[in-house]
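1. One predicted model, sequence on top.
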Amino acid sequence: MENDLATTMRNKAGENFRNGYNCAESIFLAFRELVAPELDPNLGRMFTGYGGGLGHAGCMCGALTASVAVLGLLKGRVSADEDRENCYTLARNFHDRFEQKFEATCCRVLNPHPFDTREHLRHCLKITGNTAKLLTEYLMEKDLLPRGK
């Protein structure tokens, strides 16, 4: 069951990417359905600028940044009086897990091909799908998925 969900989420994020969404939008839209379906899908627009490592700057991978946003959605605070360390720890540990798997977090290092070329898109598709799988496994391990998922 757990592996099935991770595979499903990998496929959903990959399908979003194949349908023209960038890596960050693809992650957010797939996980919005899973963890917060009540959220307006138009919130995906917040993630458009994260593609290409922040608008083709080649910095932090958009799939990684959107994954951290999902963690914030689940464990972020709504008041400055609340503790932020739990969410910080989750974000840092997922960052480290991503870096261990992909050997980098920087878009231009992860994917050295010129932006929007066939090779670049093919490689981003793999990174996006595998990030969704990694995030799903992480959420299951940390017992962060809504009950019944």
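-> Thanks, I have it. Numbers count the residues shown, from 1 in each chain.
2. C-alpha from now on. contacts and neighbour counts both.
-> Noted.
3. contacting residues around the residue of the chain most remote from its centre?
-> Among the residues of the chain, the one whose C-alpha is farthest from the average of all C-alpha positions is Asp81, by Cα atoms, centre = their mean at 27.2 Å. Taking Cα atoms under 8 Å, 6 or more residues apart in numbering, we find Asp81 in contact with no residue.
4. Going forward, the N-terminal residue is numbered 140.
-> With the count now opening at 140, the last piece we talked about shows up as Asp220.
5. what's the spacing between it and Ala208?
-> Computed with Cα to Cα, to the nearest Å, the distance linking Asp220 and Ala208 is 20 Å.
6. Also Phe170?
-> With distances defined as Cα to Cα, the gap from Phe170 to Ala208 amounts to 10 Å.
7. Among these two, which residue is more densely surrounded?
-> Set side by side, Phe170 and Ala208 show unequal neighbour counts under other Cα atoms under 10 Å, the larger going to Phe170 at 21 against 18.
8. ok so, going back, tell me the secondary structure at the residue farthest from the centre of the chain.
-> Here Asp220 takes the coil state, with states given by DSSP: H, G, I helix; E, B strand; the rest coil.
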